[in-house]
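1. I'd like to go over a predicted model; first the sequence, then the structure.
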Amino acid sequence: MGTSQSREGLDISDADSDQYTDNEEEEEEEEDDDQYDDAQGSHQQHQQKPQSKAKSDPKSLDELDAKLKALKLKYASSSSSSQNPNSANSVKLYLHIGGNTPNAKWIVSDKHSSYSFVKTSKIDGDSDDDESDGGGQSWWILRVGAKVRARVSSEMQLKMFGDQRRVDFVSSGVWALKFPTDEAYRNFVTEFQNCIFENVYGLEATEENKLKVYGKEFIGWVKPEAADDSMWEDAEDDGLKSPEPPVRASQDLLEEFEEAANGGVQSLTLGALDNSFLVNDTGVQVYRNLNHGIHGKGVSVKFDGSSSRKSSSVAQMTPKKALLMRAETNMMLMSPFKEGKPHATGLQQLDIETGKIVTEWKFEKDGTDITMRDITNDTKGSQLDPSESTFLGLDDNRLCQWDMRDRSGIVQNITMANSPVLNWTQGHQFSKGTNFQCFATTGDGSIVVGSLDGKIRLYSKTSMRQAKTAFPGLGSPITHVDVTFDGKWILGTTDTYLVLICTLFTDKDGKTKTGFSGRMGNKIPAPRLLKLTPLDSHLAGSNNKFHGGHFSWVTENGKQERHLVATVGKFSVIWDFQQVKNSAHACYRNQQGLKSCYCYKIVLKDESIVESRFMHDKFAVSDSPEAPLVVATPMKVSSISLSGKRQH
């Protein structure tokens with residue numbers, strides 16, 4: 001399948017806003033209710049089906065009424081909502097039907113509904129007596145009438161429309177709530193955000209607890225409206241902005257070149273010189289780098305079954321990580337030693353020119369075998385250095401540099417191997433290890449590390465033992481992290497969203513620095529979130545998660561990355577970097593909390609995508625604003641150029 005633009009009910013609902021007005025004609029609503037009843041079976045697989053009034057049992061209704069009155073809800077405003085449709089919790093409930101087809105539309109599901117936030121210890125229960133009794137683990141859920149019951153979390157992909165007094169979200173379907181007043185809308189959003197905080201951190205959403213979780217330096221995480229957003233604009237005005245103005249998704253044309261791979265593709269490794277590589281179940285396929293994408297050379301390096309490999313202590317599984325080194329003439333291949341786990345006990349060094357495994361390295365420290373979760377180059381462009389002999393390694397609680405000139409030698413161990421606790425600056429305490437998950441390097445060798453608790457830590461190239469800055473987590477593990485060449489921007493990937501962080505700050509002498517070179521003060525810019533719309537998130541599938549968020553690839557001072565790309569299911573999702581940074585961007589209007597951007601382009605494939613990456617900036621051509629995007633699936637590899645043509 002080819003490419004498509006960002007698709008969602010927004011285009012329908014925003015343009016068709018009269019469906020959300022309070023003076024809809026009664027007969028139109030009744031017709032929509034009938035449409036909802038017909039469509040309900042296929043769009044509410046796990047929802048409780050509303051009962052017909054004609055068949056209601058008076059006795060059961062009395063019992064239900066008694067149970068509702070007995071509820072003891074934390075948010076008092078929610079307790080009477082289901083009894084009085086004119087209460088502060090009254091809402092109109094809509095359901096989106098038709099997916100992304102031409103017949104897609106919003107229909108009225110319940111014109112007189114109400115919502116409540118309920119604390120429960122049940123996972124899948126849908127009865128009205130499942131509220132928590134205060135013992136054991138419990139969490140907040142959102143209940144809307146009898147049709148919606150969802151755990152309050154980022155997985156709901158809640159999107160706010162302040163100007164319409166409306167929110168959209170996912171819960172076994174795509175729903176919208178329309179509120180009667182601005183105050184009712186704001187109250188709902190505030191309650192929702194408080195419930196998310198408590199579900200994530202297990203603490204009531206008081207200002208004191210928020211400061212305890214995030215730290216006083218990160219007031220922007222607590223109150224985005226109080227953060228210093230000037231750094232976002234300063235970063236655009238420092239001479240490094242893209243020369244092209246931001247382009248709306250609907251104005252970009254996408255051209256695609258696709259060819260079959262040999263199957264079983266596990267990873268994509270792009271080169272900045274002549275070749276790029278796909279690692280599959282049997283070996284490494286070599287591709288030629290061209291200005292319009294990558295094309296197969298018909299050359300592959302097979303993983304043979306020689307005795308030297310069979311006797312090796314290095315794992316024999318298909319490599320999950322491939323790293324280019326020594327002017328891209330060598331490749332380090334790292335395989336997990338246990339199925340389903342990322343950790344490896346060593347790696348293999350492939351000489352690309354001869355197609356032979358020339359060395360098998362083992363990770364060892366002080367005579368003891370250790371594992372690594374990930375490896376990366378010392379700097380963002382050091383794979384182009386023909387004399388490169390060191391690279392970085394990451395494990396759950398270990399960050400180190402390996403030197404290939406000494407098989408067993410660690411050049412520098414960044415954290416103490418036996419210490420589960422890092423010594424941080426004030427306000428950030430860790431009780432059980434760092435739980436590192438992923439890392440990346442800047443152009444000068446500074447290191448950014450993402451962790452299981454959602455924190456993102458910055459290490460300078462000269463002081464690797466202690467983080468200069470530690471950004472608090474937002475409740476979701478960081479599964480992948482990238483950083484711009486200049487170190488001013490960080491992109492963290494979580495299962496349900498991307499978080500974009502500006503590292504710039506002004507020191508006491510008035511100089512602008514990044515968080516890699518010094519401890520950021522109290523005026524830290526608030527992060528921005530990149531999300532899918534509720535409809536696209538639903539279409540991506542309940543089990544599909546974001547992975548591999550990347551900036552486009554620049555290795556030259558004075559150049560700025562242009563785009564961001566991430567993968568979810570069969571989607572490659574592309575954001576315009578300059579547009580995301582623009583504080584006046586339309587997405588950010590009428591939002592409460594952290595700013596979220598929903599303007600993106602989607603590349604849709606016919607199978608789940610392994611990885612999506614932009615080629616090196618040198619492969620951009622004069623009539624294109626960006627180097628081609630390469631999208632690898634298990635069976636195919638595609639090269640996609642973003643055309644420079646525009647509609648006027």
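-> Looks like it arrived, so ask away.
2. worst-scoring helix or strand of the protein, pLDDT-wise?
-> Taking mean pLDDT, DSSP states H and E as the measure, the chain has helix 307-310 as its least confident helix or strand, at a mean of 36.
3. What's the first helix or strand after that one?
-> Counting by DSSP states H and E, the element after helix 307-310 in chain order, helix or strand, is strand 321-325.
4. What is that next one packed up against?
-> Strand 321-325 sits against strand 267-269, strand 275-279, strand 330-334, strand 374-377, with contacts defined as 3 or more CB pairs under 8 Å, 6 or more residues apart in numbering; DSSP states H and E. Every C-beta, even on glycine, is put in place using the N, C-alpha and C of the backbone.
5. Try it again at 7 Å.
-> strand 267-269, strand 330-334, strand 374-377 (3 or more CB pairs under 7 Å, 6 or more residues apart in numbering; DSSP states H and E).
6. Quick check: which of those is nearest to Thr190?
-> Proximity of the helices and strands packed on strand 321-325 to Thr190 was assessed by CB to CB; the nearest stretch is strand 374-377, lying at 38.9 Å.
7. what does the closest one rub up against?
-> For strand 374-377, contacts defined as CB atoms under 7 Å, 6 or more residues apart in numbering pick out 321, 323, 332, 334, 383, 391-394, 438-441.
8. Farthest pair within these?
-> Top of the distance list for the contacts of strand 374-377 (CB to CB): Gln383 and Cys438, 18.0 Å.
9. I'd like to know which elements the longest strand along the chain is packed against.
-> Determined from DSSP state E, the single longest strand within the chain is strand 105-120. Contacts defined by 3+ CB pairs under 7 Å, 6+ apart place strand 105-120 against helix 9-15, helix 26-43, strand 90-97, strand 139-144.
10. Please give me every residue in contact with the nearest residue in space to Gly445 that is not next to it in sequence.
-> Excluding the flanking residues, the one nearest Gly445 by CB to CB, 6 or more residues apart in numbering is Lys461, at 3.8 Å. The contact partners of Lys461, taken as CB under 7 Å, 6+ apart, are 444-446.
11. swap the cut-off to 10 Å and go again
-> 378-379, 441-442, 444-447, 487, 516-517 (CB atoms under 10 Å, 6 or more residues apart in numbering).
12. winner for burial among the helices and strands packed on strand 321-325?
-> Mean neighbours per residue, mean count of other CB atoms under 10 Å, is largest over these for strand 330-334, with a mean of 23.
13. okay, and for the chain, where does confidence drop off?
-> Where the chain drops to pLDDT under 70, the residues are 1-86, 123-136, 233-253, 303-317, 405-432, 463-464, 542, 622-623, 643-648.
14. Quickly list the domain ranges of it.
-> Residue ranges for the domains of the chain, per the TED database: 90-121+138-205, 229-304+315-642.
15. closest one to Gly215 among these?
-> domain 229-304+315-642 (3.6 Å).
16. Can you give me the end-to-end span of that closest one?
-> Its start and end residues considered, domain 229-304+315-642 measures 30 Å (CA to CA, to the nearest Å).
17. how many neighbours does Gly296 have?
-> Neighbour count for Gly296, taken as other CB atoms under 10 Å: 16.
18. a strand runs through it, doesn't it?
-> Yes - using DSSP: H, G, I helix; E, B strand; the rest coil, the assignment for Gly296 is a strand.
19. Grab the nearest non-local neighbour of it.
-> Computed as CB to CB, 6+ apart, the closest residue to Gly296 that is not its neighbour in sequence is Tyr287, at 5.5 Å.
20. And Asn435, by the same measure?
-> Leu452 (3.6 Å).
21. Now that we have the domains of the chain, can you turn them into JSON lines and tack on distance to Tyr214?
-> Output for those, formatted as JSON lines (distance: least, CB to CB, whole Å):
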{"stretch": "domain 90-121+138-205", "distance to Tyr214": "10"}
{"stretch": "domain 229-304+315-642", "distance to Tyr214": "5"}
